[in-house]
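> sequence plus predicted model, see below.
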Amino acid sequence: MFDLQKFWDYFNEQMRQEYNEVAYNAWFKNTKPISYNKETGELVIAVKNPIAKGYWETNLSTKLIQTAYAYGNFEVLPVFEIDGEESPERFKAPEPPKKVPAKSTPVASDFITKDLQLNDKYTFDTFVQGEGNKLAEGAALAVADSPGSFYNPLFIFGGVGLGKTHLMQAIGHQMLKERPNAKVVYIQSETFVNDFINSIKNKTQDEFREKYRTADLLLVDDIQFFAKKEGIQEEFFHTFETLYNDQKQIVMTSDRLPTEIPDLSERLVSRFAWGLQVEITPPDLETRIAILRKKAESDGLRIDDQTLDYIASQVSTNIRELEGALVKVQAHATIEKADINVNLARDALTDLKLVQKSRGIQIPKIQEVVANYFQTTVSELKGKKRVRQIVVPRQIAMYLARELTDASLPKIGQEFGGKDHTTVMHAYEKIEKDVRTDSEIKNAIYELRQMLEH
Ligand SMILES: Nc1ncnc2c1ncn2[C@@H]1O[C@H](COP(=O)(O)OP(=O)(O)OP(=O)(O)O)[C@@H](O)[C@H]1O
């Protein structure tokens with residue numbers, strides 16, 4: 001007989017031994033079991049917010065299954081439900097945070113003026129929320145609200161140019177706004193490496209340690225550069241321990257998860273898992289447009305929706321490049337002394353297009369490759385059949401036609417047996433969304449792109 005409460009107490013006891021107090025409070029305190037279904041093994045657990053849900057799914061599901069098995073050969077299938085009304089964009093810490101006393105020694109402000117290089121533009125106000133970054137933004141806001149109390153360390157990971165540095169620095173700005181004397185240290189991980197090497201050369205290790213181990217908030221960017229550097233990792237471990245034990249907040253970014261950083265020491269990997277690891281994924285079209293709109297507004301540019309849509313559809317995976325595209329369009333308008341519109345944007349971005357065109361990708365080629373890949377035929381892709389085996393490949397082919405060629409929506413529609421441009425747009429948006437949520441579609445797109453581009 002499976003007694004849910006008893007099992008839950010047992011599991012919590014195990015976890016209490018594995019986690020330290022702060023992490024335990026963050027992840028276990030406000031989590032409770034709701035029901036267990038004997039027949040299906042479904043074990044429903046209520047968690048406080050989407051961040052906790054993600055954490056449990058990634059880090060604790062397997063532990064739960066294993067513990068239930070060890071406890072009494074029970075097979076459980078954990079399902080997590082969000083309990084409560086927390087706003088999706090702003091996740092509060094689970095309990096009132098312990099206040100960290102403000103630090104205001106002269107040394108602290110000295111360091112701020114000498115070392116701190118936060119970009120003025122990287123604040124929460126200028127950050128645009130979208131599907132791919134909302135969890136990370138929520139976590140960053142929670143950390144800025146109660147640094148050192150929960151979600152410590154915060155580990156933000158994801159591809160190039162997706163806003164990791166921006167969010168991390170926004171936390172720094174927020175802390176300084178509330179506590180101007182706080183010691184916020186922002187560094188690229190290479191700086192930490194260089195500082196450390198220099199401190200050994202110049203015998204200034206004490207100063208080195210003072211610099212990092214007295215921070216109220218330590219922000220370390222691109223920590224993947226610690227890969228394979230044993231000495232540095234050892235030093236960082238001690239920095240981490242000191243700050244963590246003093247309830248000082250640590251935020252790190254990386255292009256990948258700690259477990260995927262080559263030769264990152266076990267103890268760092270496990271320390272990093274005490275807090276929260278959140279991913280930023282590439283923005284969808286709507287978010288890209290919103291980012292461009294915000295940027296245009298702050299630069300005092302007037303750009304109509306159609307043009308924003310055009311620019312946003314040209315760059316899909318890197319926000320830095322997206323911003324670069326806008327700068328190009330702006331420069332082109334200045335040179336030509338013309339207003340910004342779709343035609344001008346098209347001209348300005350021909351380079352981007354030329355890269356794609358030089359690959360020589362044509363719609364018939366895309367249709368052929370997609371048809372082969374899904375073992376169907378080009379005429380089925382162009383046809384009207386509405387069975388799933390054909391609809392999905394057809395939508396994928398339309399999506400790739402829009403991504404990889406210069407063809408307009410009506411032109412693509414024409415190439416697919418005379419379909420309306422709204423059908424193409426719908427297909428594009430559908431696949432763009434699926435790429436994020438459906439790993440099969442994501443893989444298919446990845447493989448098809450490889451076949452077409454190389
Ligand atoms: N959601 C967003 N809203 C507004 N601007 C954004 C957003 N995401 C990214 N940006 C902008 O995109 C540019 C690149 O972002 P950032 O440097 O933070 O990326 P990153 O993920 O740290 O990249 P890297 O991996 O190269 O370090 C910055 O100018 C940043 O302000």
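Everything's here; your move. Keep in mind the model is a prediction, meaning the values are calculated, not measured.
> switch to C-alpha atoms for all contacts and neighbour counts from now on
Will do.
> distance from the chain centre to the helix or strand where residue 365 lies, please.
In this structure, residue 365 sits in helix 363-373 according to DSSP states H and E. Distance of helix 363-373 from the chain centroid (CA atoms, centre = their mean, to the nearest Å) equals 32 Å.
> may I see the buried residues of it?
Judged by neighbour count (16 or more other CA atoms under 10 Å), helix 363-373 contains these buried residues: 363, 366, 367, 368, 369, 370, 371.
> pLDDT added to those residues, as JSON lines?
Formatted as JSON lines, the buried residues of helix 363-373 follow (pLDDT from 0 to 100):
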{"residue": "363", "pLDDT": "91"}
{"residue": "366", "pLDDT": "95"}
{"residue": "367", "pLDDT": "95"}
{"residue": "368", "pLDDT": "94"}
{"residue": "369", "pLDDT": "94"}
{"residue": "370", "pLDDT": "96"}
{"residue": "371", "pLDDT": "95"}
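> quick one: which of the residues you listed is nearest residue 67?
Residue 67 lies nearest to residue 370 out of these, by CA to CA, at 45.2 Å.
> I figured the closest one was touching residue 393, is that so?
Yes - shown here, residue 370 and residue 393 form a contact pair, counting by CA atoms under 8 Å, at 6.6 Å.
> re earlier: buried residues of the helix or strand just after the helix holding residue 365, list them for me.
Using DSSP H and E, the helix or strand that follows helix 363-373 towards the C-terminus is helix 378-382. Neighbour counts over helix 378-382 (16+ other CA under 10 Å) mark 378, 380, 381, 382 as buried.
> what's the helix or strand for residue 251?
Going by DSSP H and E, residue 251 is in strand 249-254.
> which residues sit against the helix or strand following that strand?
Remark: after strand 249-254, the chain's next helix or strand is helix 266-272, criterion DSSP H and E. If you take CA atoms under 8 Å, 6 or more residues apart in numbering as the criterion, helix 266-272 is touched by 153, 154, 155, 233, 237, 258, 259.
> hmm, 6 Å instead?
Applying CA atoms under 6 Å, 6 or more residues apart in numbering, the contact partners of helix 266-272 are residue 258.
> and the residue of the stretch 351-454 of the chain closest to the ligand?
Residue of the stretch 351-454 of the chain nearest the ligand, by CA to the nearest ligand atom: residue 436 (16.4 Å).
> over to that residue: give its phi and psi.
The phi and psi values for residue 436, taken as degrees, to the nearest 10, are phi -80, psi -30.
> which helix or strand contains the nearest residue to it once chain neighbours are set aside?
Residue nearest to residue 436 in three dimensions, not counting chain neighbours: residue 442, with 7.0 Å by CA to CA, 6 or more residues apart in numbering. For residue 442, the host element (DSSP H and E) is helix 439-453.
> what is the orientation angle of that helix with helix 363-373?
130 degrees (axes from the mean of the first three to the mean of the last three CA atoms, to 10 degrees).
> list the buried ones in helix 439-453?
441, 442, 444, 445, 448, 449, 452.
> hmm, who's touching that helix?
Against helix 439-453 from outside (CA under 6 Å, 6+ apart): residue 435.
> can I get it in CSV, CA atoms only?
Provided in CSV are the C-alpha atoms of helix 439-453 (Å, rounded to 0.1, in the frame of the first residue of the first chain):
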residue,chain,number,x,y,z
SER,A,439,11.8,17.9,-31.2
GLU,A,440,11.0,15.8,-34.3
ILE,A,441,10.2,18.9,-36.4
LYS,A,442,13.3,20.6,-35.0
ASN,A,443,15.5,17.7,-36.1
ALA,A,444,13.8,17.6,-39.5
ILE,A,445,14.5,21.3,-40.1
TYR,A,446,18.0,21.0,-38.9
GLU,A,447,18.8,18.0,-41.2
LEU,A,448,17.0,19.5,-44.2
ARG,A,449,18.9,22.8,-43.8
GLN,A,450,22.2,20.8,-43.6
MET,A,451,21.2,19.0,-46.9
LEU,A,452,20.3,22.2,-48.6
GLU,A,453,23.0,24.5,-47.4
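> any idea how far that helix is from the chain center?
21 Å.
> average pLDDT for it?
For helix 439-453, mean pLDDT is 86.
> try stretch 387-399
Mean predicted lDDT for stretch 387-399 stands at 95.
> stretch 80-97 now?
Taken as a whole, stretch 80-97 has a mean pLDDT of 54.
> and residue 182, helix, strand or coil?
Judged by DSSP: H, G, I helix; E, B strand; the rest coil, the three-state class of residue 182 is coil.
> please report how far it lies from residue 147.
From residue 182 across to residue 147, the span is 12 Å (CA to CA, to the nearest Å).
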